[in-house]
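Asks: Sequence and predicted structure are below.
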Amino acid sequence: MSVPIVLASGSQIRATLLRNAGLEVEIMRPRVDEAAVKQALLAEGAPPRDIADALAELKARKISEKTPGALVIGCDQVLEFDGALLSKPETPEAALDQLRQMRGKRHRLLSAAVICRDGRPEWRHVGQVRLTMRAASDAYLQAYVARNWDSIRDAVGAYKLEEEGVRLFTAIDGDYFTVLGMPLLELLNFLMLRGAIDS
Ligand SMILES: Nc1nc2c(ncn2[C@@H]2O[C@H](COP(=O)(O)OP(=O)(O)OP(=O)(O)O)[C@@H](O)[C@H]2O)c(=O)[nH]1
């Protein structure tokens, strides 16, 4: 009898990536005040990697306490730019402003995943990617945001690499899946080693 796998995330792309890999996953969205936890960790001087990891664990643990025996995957992605942590832009204007700040420069995405079972972490990984954004023109960025706002509004960097967002970059140093939102290869490898999925 295979172990149930639960994704504790509201991220559509995370569910798609796992299902496209052939996994049967149940989705259960955790109720976590991410902003409050992030602010508290930032106030303590926690580095971006630890913030992503802590939030991923919190989401996984909350759901795993309600799903005995299941392997629960929690994720969190943070964007580090110019020494600060950026969050998902709330409006098209904020998205345009964020893209204008990041163009011509590099930023880092850190995607954490933690797997909990019965409230205890069994595995964790934080993947990181460095992305170099080209110096796109104001006209292009304005048109880009206007065309894509409905899609990019749920992406931390105001872009989706698998869509038109790829045109914003000149170089990406790291794993594609980690940009999209989870260290998929490492996660699948653990699930196979653990015998939770066929290998
Ligand atoms: N499709 C897509 N999504 C992206 C990309 N870059 C970042 N994201 C998404 O940006 C979101 C980062 O915010 P998080 O707080 O980690 O996740 P969330 O969407 O709020 O969902 P939870 O796991 O429920 O917290 C994730 O959903 C990522 O999948 C991208 O290139 N493509």
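Replies: Structure received. Numbers count the residues shown, from 1 in each chain.

Asks: how about the residues of this structure near the ligand?
Replies: By the rule Cβ under 6 Å from any ligand atom, the part of the chain lying against the ligand is 9-11, 13-14, 29, 75-77, 154-157, 160-162, 165, 179-181. Backbone N, C-alpha and C define where each C-beta goes, glycine included.

Asks: Show the buried residues in these.
Replies: Among the residues of the chain next to the ligand, the ones that count as buried by 16 or more other Cβ atoms under 10 Å are 9, 11, 13-14, 75-77, 155-157, 160-161, 165, 179-181.

Asks: Show which residues not belonging to the host helix or strand of Thr16 make contact with it.
Replies: Thr16 is part of helix 12-20, with elements assigned from DSSP states H and E. Around helix 12-20, the neighbours that count as contacts under Cβ atoms under 8 Å, 6 or more residues apart in numbering are 5, 7, 9, 25, 27, 73, 75, 154, 160, 162, 177, 180-182, 184.

Asks: other SSEs contacting the biggest helix by length in the chain?
Replies: Scanning the chain for the helix with the most residues, using DSSP state H, yields helix 48-64. Here helix 48-64 touches strand 5-8, helix 34-43, strand 71-81, strand 106-117, strand 120-133, going by 3 or more Cβ pairs under 8 Å, 6 or more residues apart in numbering; DSSP states H and E.

Asks: Taking the protein, what residue is nearest to the ligand?
Replies: Gly181 (2.5 Å; Cβ to the nearest ligand atom).

Asks: List the residues that contact that residue.
Replies: 11, 13-14, 17, 75, 77, 111.

Asks: Would you check which pair of those lies furthest apart?
Replies: The largest separation in the contacts of Gly181, counting by Cβ to Cβ, is between Leu17 and Gln77 at 12.7 Å.

Asks: Which residues are in contact with each of the two?
Replies: Applying Cβ under 8 Å, 6+ apart, one finds that Leu17 and Gln77 are jointly contacted by 181-182.

Asks: how about low-confidence regions in this protein?
Replies: 1 (pLDDT under 70).

Asks: how about a cut-off of 90?
Replies: Filtered on pLDDT under 90, the chain yields the residue ranges 1-2, 87.

Asks: Doesn't Ala171 lie inside a strand?
Replies: Yes: under DSSP: H, G, I helix; E, B strand; the rest coil, Ala171 falls within a strand.

Asks: correct me, but it touches Thr132?
Replies: Yes: here Ala171 lies in contact with Thr132, judged by Cβ atoms under 8 Å, at a distance of 4.1 Å.

Asks: Looking at the two now, which is surrounded by more residues?
Replies: A direct count of neighbours by other Cβ atoms under 10 Å for Ala171 and Thr132 places Thr132 higher, at 15 against 10.

Asks: Name all residues that make contact with the more buried one.
Replies: Counting by Cβ under 8 Å, 6+ apart, Thr132 has contacts 105-106, 169-173.

Asks: so what's Leu99 up against?
Replies: By Cβ under 8 Å, 6+ apart, the neighbours of Leu99 are 133, 136, 141, 144-145, 158-159, 168.

Asks: Including distance to Asn189, could the helices and strands packed on helix 48-64 go into TSV?
Replies: Shown next, in TSV, are these (distance: least, Cβ to Cβ, whole Å):
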stretch	distance to Asn189
strand 5-8	14
helix 34-43	27
strand 71-81	13
strand 106-117	12
strand 120-133	9
